[in-house]
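# 3D, please:
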Amino acid sequence: MSWPTRARSGRVTHAFRDLPATSAIIDGEIVAVGSAGLPEFRRLHFRAAAPESICAWAFDLLHLNGKDLREMPLARRRDKLQALIARFDYPLLMFSESFDDADALLRACEAREMEGIVCKRVDAPYRSGRCATWVKVKCAGWRAANRERYRLFENAR
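This is a model prediction of the structure:
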């Protein structure tokens, strides 16, 4: 599998280094976006992404300035993350917004042929790995359209 090389993801790396914090551990995802501004899996993993199309979406803040935040409820951690990113205001590092209507969000993702959504309990502390406080919901048409993604993981074993 091909992950973004330093040459392709260097601008995002610098964005994280320039955050107004002495240290931070952020849960997020490196994404290659297409001309419509939507994530395109193939562009990132098959080296088709130009460096300027690579950005990061931040979901959660686990540590900030040496303080462990994982026992805080998700809503508080996300408030801190949003404030940190807003103070920085850099276009390659984006805060992943919350949505109250998961069904409407999933329909909007399906219409844009996106992978799906992650639903998390706002009152839950952070737990690494799969747990009962969050679930990933895939769009109905996504898996069939992305069979090669599963082949990549099978071949990597």
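
# with only the CA atoms kept, save stretch 11-26 in PDB.
The C-alpha coordinates for stretch 11-26 follow below in PDB (Å, rounded to 0.1, in the frame of the first residue of the first chain):
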ATOM      1  CA  ARG A  11       2.700  20.900   3.700                       C
ATOM      2  CA  VAL A  12       0.300  19.200   6.000                       C
ATOM      3  CA  THR A  13       3.200  18.100   8.400                       C
ATOM      4  CA  HIS A  14       4.200  21.800   8.600                       C
ATOM      5  CA  ALA A  15       0.600  22.800   9.300                       C
ATOM      6  CA  PHE A  16       0.600  20.600  12.400                       C
ATOM      7  CA  ARG A  17       4.000  21.800  13.500                       C
ATOM      8  CA  ASP A  18       2.800  25.400  13.300                       C
ATOM      9  CA  LEU A  19      -0.200  25.000  15.500                       C
ATOM     10  CA  PRO A  20      -0.300  27.400  18.500                       C
ATOM     11  CA  ALA A  21       0.600  24.700  21.100                       C
ATOM     12  CA  THR A  22       3.700  23.300  22.600                       C
ATOM     13  CA  SER A  23       2.400  19.800  22.000                       C
ATOM     14  CA  ALA A  24      -0.800  18.200  20.800                       C
ATOM     15  CA  ILE A  25      -2.000  14.700  19.800                       C
ATOM     16  CA  ILE A  26      -4.800  15.000  17.300                       C
END
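
# which residues touch that stretch?
6, 30, 51-52, 54-56, 58-66, 81, 84-85, 87-88, 90, 92-93 (Cβ atoms under 8 Å, 6 or more residues apart in numbering). Glycine gets a C-beta too; all of them are placed from N, C-alpha and C.

# in contact with the residue nearest the centre of the chain, which residues?
Against the mean C-alpha coordinate of the chain, by Cα atoms, centre = their mean, the closest residue is E29 at 3.1 Å. By Cβ under 8 Å, 6+ apart, the residues touching E29 are A56, W57, F59.

# the second one contacts E97, doesn't it?
Spelled out, that is W57. No: if you go by Cβ atoms under 8 Å, W57 and E97 don't touch, sitting 9.8 Å apart.

# so the two - more neighbours on which side?
Counted by other Cβ atoms under 10 Å, W57 and E97 do not tie: W57 has more neighbours, with 15 against 9.

# pretty sure that one is in a strand, no?
Yes: under DSSP: H, G, I helix; E, B strand; the rest coil, W57 falls within a strand.

# name whatever forms a beta bridge with it.
Taking DSSP bridges, one obtains E29, M94 as the residues bridged to W57.
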